[in-house]
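J.: sequence first, predicted coordinates after that:
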Amino acid sequence: MPDQRVRFGALGVALAFAAAGVVGTEAAAAPATAAPLYPEVGRGTHLLDHRAKLAGFVEPDWYEANIPFVDLPDKTIEDTYYYRWRTYKEALKYTGPEDGWIVSEFLGPVGYSAPGGGISAAAGHHVYEGRWLRDTRYLDDYLDYWLKGSGAGPKPAVDFLNENTTDWAHQYSFWAADAVVARASVDGRFDYAVDRLPELEKQWEAWSPQFDRDLGLYWQVPVWDAMEYTASSYQSDDPYHGGAGFRPTLNAYQYGDAKAIASLLRRNGDRRTADRYDRDAKALQSAVESRLWDADGKFYKHVARDENPGRTKLADREEIGFIPWYFHMAPAANSAAWAQLTDPAGFAAPFGPTTVERRSPWFMHDALQGCCRWDGPSWPYATSQTLTALANLLADYPAQSAVDRQDYYDVLRGYAATQRKNGSPYVAEAHHPDEDRWLYDGRGHSEDYNHSTFNDLVLSGLLGIRPQQGDAVRLSPLVPDGWDHFAVENVPYHGRNLSVVWDRDGKTYGKGAGLRVWVDGDLVHRQADLRPVDVKVKQGKGSAVTPLVDDLANAATATASYTWSGDSPADAVDGQDFHLDTPSTRWTTYGSPNREDWLAVDVGAPTRVSDVRMAFYDDGGGVRTPDAVAVDYRAPDGSWVALPGVAKPERGKLSRVVVDPPVLTSALRVRPKRDDGGAVGITALQSWRPEDSRVTAAFRTPDDGVLHVKSGGTTEVRATVRTTTPLTVRPELQLPAGWTAAPVAPRVVTPGRPAELRWQVHAPTSLTPGTRAPLRLLVPTSGGRASGDVVQAEAVFDPADFGKVVWDDGFDTLADYRVGGRFGEPAPVVGVSGGSLTATAASRQSSAVLVAPVRAPAGDVAVVLTPTSFTGASPEDSVLAGLAAGPDDLVLSWYNNKSRTSGVDVRVGGRDFGEGATGGCCADVTWAPGDRIAVVFGATTMTSWLGHGATWRLLRTAPYATAVTPEQRAAWSPAIGVRLTSGTLALDRVQVLAR
């Protein structure tokens, strides 16, 4: 395969022109300086046996470098603490160079998540928990994902995804600004927080459509508070998606965010705007007290928005009534509410707290019938909020008589005790409040559910490390009076290492009796008791981190010589690294007949490979760590060349290959081998490229971020390169095989100003519409670093490219279609009238598949459907198009005009296939009269399009070949379909084209 690198000359004071040419595989850059695998811990204490604490953990060096270590007399809490760091690491997902790291909620993907898999429901929890990690890259990327990345992007405003909002960051209630400030209060990097002020203000303001100015309150629907089937929603006409009301949740979140934004504005010198946010917060606080505080019931309650002219409060106390203390919103006078936490008729439970008080007639209503009901079960999400709020009450409010430190410990320990299954640490979705069992725990879905905090509750609550915005830390432990000792070691705090030890008689740790505090290993404070104290901690530099990009994650095509049926080569490059049996994210050779197997990944356009990392899966049984491994890269002639210096893998440790100098290649291959020929597995294969922070390189693309190209056509590609200091760089455009480019004369630039680069790029004539191929911009600098950008070039659909007419029906007469029912519904009445095919619903919802009397030819096939009119009825007002043999064997794209959404159905042998074949659901689209719907089949994928005039928009891509064999596809015919609840819809024309 030829190397398709097109370069410009040196960029420094000027950008010189250079012609395209073929070069060797060695990257033309200085030798690489390998980035550290983990952040440096730096100076600290060495009081605890860290390796013993991490016994049995995979990749213990990651935890050693990142987490605070604790030693507690309560082993239930301590074991849960270390377990929850393992689950947090599992939830770290690298999505790709655009968004970087996110923190996932489910370990497996779900259909209602934002691009890359983010769900905003628990994002505040994710930030509070992750703020204690030493490596700042995870939360830097994650917060940017929600504030200005894909998580801030548009989403369909449909009931399934929250019809009240139009972007992913507002799909669920989210305390974004408060979390940003809480995070900065730990790491001390307020410059990051202040830089995000414009996005934080935009995030806050975007809730305004749900603000009732007359009441001065925000309304929310319980399900979009992440809690469907609540006491609130059960008292509406829709227990799942109903119950809109003025709730303590979103109002407290907005209060907390306003206070956080105000504090950042003051840091930035904008007191005037800060005062406005403070006034908004105060007004919100006043409205909550006036409208949501029940003086008789002494609790914050939900007030229904609809059919409630008197604004009567819900009779039931729900656990969300504790949330105002999470943000220091509740006045001290309301502390009597906390008596309900320990009241047996309130929220108290052996595995509680409960999500609604036991007095409520809705307590555990249908809760045993299946997920997800927040009307009594113990829910980690809410327990986290309640314990954070309780810690605030005990540490930051005046003394009160409702609850004390022992209550905090009791609830926290009960929370830890819920996190068990078969005697081992485990967290799922919801727990029975009175029995030692998880209620909502779906196999392959709920394992290690990352929807709550625990370690933040231990660190900031139980052990009392109260982060401050100034050069200090407040220590206010909430441990029981009977505890004689505890230790927390090397907490990453304000760029320093903070260690706190309590040793009543000095015999446990041998460092003296009482409380001791160290900063960077130096003893800075001692006292005899556990009274609250402020300790000075000046801001330090923290651990330097190198910007890194994994060029394989979610961007490589993975293949293998053999894969066990329960695994997938793609799972090795999905950006996740965890070692569970269920769900799994790995490639294994279990059951392979081969003595040796391989896993290969192709990134499309060449990139620089300098740091390859492999996490091997080892279940202690049939799949074990390999005894040796070879790593190859693909040379320009297509041959495989072995990388030198590949070390013997060690069980439980990350394997690493540093490539010096880097190689330029479009593919890697890994060949792990056991001496006994047994099975091996890989959970993560990564190729990390260090970037240069002095260089920014970016393609200039349309608003959708995709470069639209025509098969066989030429498109101008533009990019900018900016340097912050004078240095020499040589920008390169890397292309997939079969693509060519010619550079256009560059322009003179100066450091700090962007260089405008242009190429004329020619696409191959063989591209199937919807096919995407990466174009890669690389800007190598010193030390093996290479900044860059990737743009996906997408082949657009054009009917003119399909010159062969297979079938063309203008519906002048009713052709000999084979008509079959679908979904067990009766077929509609189908006829022809005035040049249109009409379908009229039978006595109830009706559907049909109409198979044309022609065979679909091999190669690329397009089915183009022109609707005439729709019924407007709900819920089904749909047309379908694609290929089929009948109603039980089909691949059809559907468009529902009522819901304005489009998706794909894949059914083979009467079995419906999921998103692995359909590509997921759903595209947000609106048809207008005259628009056409096209479905294009390639060898392995089907794409659907909406045509408006001469412009075609890609709707969905479905990898249908995962369910349909080539032999089945060859026997199928073009087909259309209808599904309607009532009335009549009409179709104007269907064309089947080939090329």
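T.: Looks like it arrived, so ask away.

J.: which residues of the stretch 801-950 of the chain fall in strands?
T.: Along the stretch 801-950 of the chain, counting by DSSP state E, counting those that start in this stretch, strands occupy 804-809, 818-821, 829-833, 836-840, 846-851, 861-869, 877-886, 889-896, 901-908, 911-912, 923-924, 932-937, 942-948.

J.: in TSV: those, plus distance to Asp660 and mean neighbour count.
T.: C-beta: built from backbone N, CA, C; applies to glycine. Formatted as TSV, those follow (distance: least, CB to CB, whole Å; neighbours: other CB atoms under 10 Å):
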stretch	distance to Asp660	mean neighbour count
strand 804-809	53	15
strand 818-821	63	16
strand 829-833	68	14
strand 836-840	66	21
strand 846-851	59	24
strand 861-869	49	22
strand 877-886	51	24
strand 889-896	48	25
strand 901-908	46	23
strand 911-912	51	12
strand 923-924	45	18
strand 932-937	45	26
strand 942-948	42	23
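
J.: any idea which of those strands scores lowest on pLDDT?
T.: Per-stretch mean pLDDT for the strands of the stretch 801-950 of the chain is lowest at strand 923-924 (a mean of 86).

J.: contacts for that one, please.
T.: Strand 923-924 is contacted by residues Lys155, Pro156, Ala157, Val158, Arg900, Thr901, Ser902, Gly903, Ser944, Leu955, Arg956 when judged by CB atoms under 8 Å, 6 or more residues apart in numbering.

J.: same deal with stretch 946-953?
T.: By CB under 8 Å, 6+ apart, stretch 946-953 touches 796-798, 864, 895, 902, 925, 927-928, 930-934, 945, 955.

J.: next one: that stretch to chain centre, how far?
T.: Here stretch 946-953 is found 31 Å from its chain centre; the criterion is CA atoms, centre = their mean, to the nearest Å.

J.: what segments of the stretch 201-350 of the chain are strands?
T.: 211-212, 217-220, 245-246, 293-294, 299-300, 303-304.

J.: in its sheet, which strands sit next to the fourth one, and in what direction?
T.: Strand 293-294 has the following strand partners under DSSP bridges: strand 299-300 (antiparallel).

J.: number of residues surrounding the nearest residue to Leu139 once chain neighbours are set aside?
T.: Of all residues not flanking Leu139 in the chain, Gly130 sits nearest, at 5.1 Å (CB to CB, 6 or more residues apart in numbering). Neighbour count for Gly130, taken as other CB atoms under 10 Å: 26.

J.: and for the one 4 residues further on?
T.: Here the neighbour count serves as a burial measure; for Arg134 (other CB under 10 Å) it reads 22.

J.: so which helix or strand takes in it?
T.: Using DSSP states H and E, Arg134 maps to neither a helix nor a strand.

J.: need the contact list for it.
T.: Applying CB under 8 Å, 6+ apart, we find Arg134 in contact with Pro39, Val41, Ala65, Asn66, Ile67, Pro492, Gly542, Ser543.

J.: before we move on, what about Arg504?
T.: Per CB under 8 Å, 6+ apart, neighbours of Arg504: Asp484, His485, Ala513, Gly514.

J.: before we move on, back to that, quick check on the contacts of Arg134: which are buried?
T.: Among the contacts of Arg134, those scoring as buried are Pro39, Ala65, Asn66, Ile67, Pro492, Gly542, Ser543 (criterion: 16 or more other CB atoms under 10 Å).

J.: any idea how far Gly153 is from the first one?
T.: Distance check for Pro39 against Gly153: by CB to CB, to the nearest Å, it reads 30 Å.

J.: can you classify Gly116 as helix, strand or coil?
T.: For Gly116, the assignment made with DSSP: H, G, I helix; E, B strand; the rest coil gives helix.

J.: show me what contacts it?
T.: Gly116 makes contact with Lys93, Thr95, Gly96, Asp99, Ile102, Tyr145, Ser150, Gly151, Asn554 under the criterion CB under 8 Å, 6+ apart.

J.: and if we set it to 10 Å?
T.: Contact analysis of Gly116 by CB atoms under 10 Å, 6 or more residues apart in numbering lists 93-96, 98-102, 104, 109, 145, 149-151, 168, 554, 575.

J.: go on, Pro97?
T.: 548-551, 553-555, 689, 691, 776, 788-790.

J.: which pair in the contacts of strand 923-924 spans the largest distance?
T.: Ala157 and Ser944 (20.6 Å; CB to CB).

J.: low-confidence stretches in the stretch 551-700 of the chain?
T.: Across the stretch 551-700 of the chain, nothing is flagged by pLDDT under 70.

J.: just to revisit the earlier point, same list, the contacts of Pro97, but as JSON lines with neighbour count please.
T.: Shown next, in JSON lines, are the contacts of Pro97 (neighbours: other CB atoms under 10 Å):
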{"residue": "Leu548", "neighbour count": "17"}
{"residue": "Val549", "neighbour count": "22"}
{"residue": "Asp550", "neighbour count": "24"}
{"residue": "Asp551", "neighbour count": "25"}
{"residue": "Ala553", "neighbour count": "22"}
{"residue": "Asn554", "neighbour count": "19"}
{"residue": "Ala555", "neighbour count": "22"}
{"residue": "Arg689", "neighbour count": "24"}
{"residue": "Glu691", "neighbour count": "21"}
{"residue": "Arg776", "neighbour count": "26"}
{"residue": "Gly788", "neighbour count": "27"}
{"residue": "Asp789", "neighbour count": "21"}
{"residue": "Val790", "neighbour count": "21"}
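
J.: what's the most distant pair in these?
T.: The span of the contacts of Pro97, defined through CB to CB, is set by Asn554 and Glu691 at 17.9 Å.

J.: about what we covered before: take the strands of the stretch 801-950 of the chain and lay them out in TSV including distance to Asp627.
T.: Putting the strands of the stretch 801-950 of the chain into TSV (distance: least, CB to CB, whole Å) gives the following:
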stretch	distance to Asp627
strand 804-809	55
strand 818-821	56
strand 829-833	65
strand 836-840	64
strand 846-851	54
strand 861-869	49
strand 877-886	48
strand 889-896	44
strand 901-908	41
strand 911-912	41
strand 923-924	48
strand 932-937	45
strand 942-948	43
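
J.: relative to Arg656, which of those strands is closest?
T.: Across the strands of the stretch 801-950 of the chain, Arg656 has its closest neighbour in strand 942-948 (38.8 Å, CB to CB).

J.: CA atoms of that closest one as CSV?
T.: Presented in CSV, the C-alpha positions along strand 942-948 are these (Å, rounded to 0.1, in the frame of the first residue of the first chain):
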residue,chain,number,x,y,z
MET,A,942,-27.1,0.4,4.6
THR,A,943,-27.5,4.1,4.7
SER,A,944,-30.7,6.1,4.7
TRP,A,945,-31.0,9.7,3.3
LEU,A,946,-33.5,12.5,3.1
GLY,A,947,-33.4,14.4,-0.2
HIS,A,948,-34.5,18.0,-0.2
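
J.: what about Val127, how many residues close to it?
T.: Val127 has 25 nearby residues by other CB under 10 Å.

J.: which SSE is it in?
T.: For Val127, the host element (DSSP H and E) is helix 123-130.
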